[in-house]
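Visitor: okay, sequence plus prediction incoming.
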Amino acid sequence: QVQLVESGGGLVQPGGSLRLSCAASGFTLALYAIGWFRQAPGKEREGVSCISSNGRSTYYADSVKGRFTISRDNTKNTMYLQMNSLKPEDTAVYYCNARFGSKNYWGQGTQVTVSS
């Protein structure tokens, strides 16, 4: 069964850090381009960061550049999003995504709330 399971979300104060994880099962994550998206209340889902299957190409939204880092550990079939210097505007449900050809898989989402 194909699955992406996220973890690591929660409540954090402004300026704090969180590390999101997304564990893949039922397929080999190393073959897939992966990414993180987020959706805040009342807003459309937006791309946060992505990385190619070989790890050579990365993308970051302007709003997170210098603060977020995407990574992957193909030996663990897992992807990560390290989020530092968090801001209230980073509050959203975060989704992981894996794409390969016509295959496009999504995680269930994890809530990140940045508030004092």
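Guide: Here it is on my side, so go on.
Visitor: which residues touch the residue nearest to the spatial centre of the chain?
Guide: Most central in the chain under C-alpha atoms, centre = their mean is residue 36, positioned 3.1 Å from the mean C-alpha point. By C-beta atoms under 8 Å, 6 or more residues apart in numbering, the contact set of residue 36 is 20, 22, 47-50, 70, 79, 81, 94-97. For glycine as for every other residue, the C-beta is placed from the backbone atoms N, C-alpha and C.
Visitor: strands of this protein, start to end?
Guide: With strands called from DSSP state E, the chain shows them at 3-7, 10-12, 18-25, 33-39, 46-51, 58-60, 68-73, 78-83, 92-100, 103-106, 110-114.
Visitor: so can I have CSV of those showing mean pLDDT?
Guide: CSV is the format used below for the strands of the chain (pLDDT from 0 to 100):
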stretch, mean pLDDT
strand 3-7, 95
strand 10-12, 98
strand 18-25, 97
strand 33-39, 97
strand 46-51, 97
strand 58-60, 96
strand 68-73, 94
strand 78-83, 97
strand 92-100, 97
strand 103-106, 96
strand 110-114, 98
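Visitor: which parts of stretch 80-97 are buried?
Guide: For stretch 80-97, burial by neighbour count (16 or more other C-beta atoms under 10 Å) applies to 80, 81, 83, 86, 90, 91, 92, 93, 94, 95, 96, 97.
Visitor: partners of the third one in the sheet?
Guide: Beta-bridge partners of residue 83, counted by DSSP bridges, are residue 18, residue 68.
Visitor: residues contacting it?
Guide: Contacts for residue 83 were tallied using C-beta under 8 Å, 6+ apart; they are 17, 18, 19, 20, 64, 67, 68, 90, 112.
Visitor: mind running it again at 7 Å?
Guide: Contact analysis of residue 83 by C-beta atoms under 7 Å, 6 or more residues apart in numbering lists 17, 18, 20, 67, 68, 90.
Visitor: cool, and the last one?
Guide: Residue 97 sits next to 34, 35, 37, 105, 106 when contact means C-beta under 7 Å, 6+ apart.
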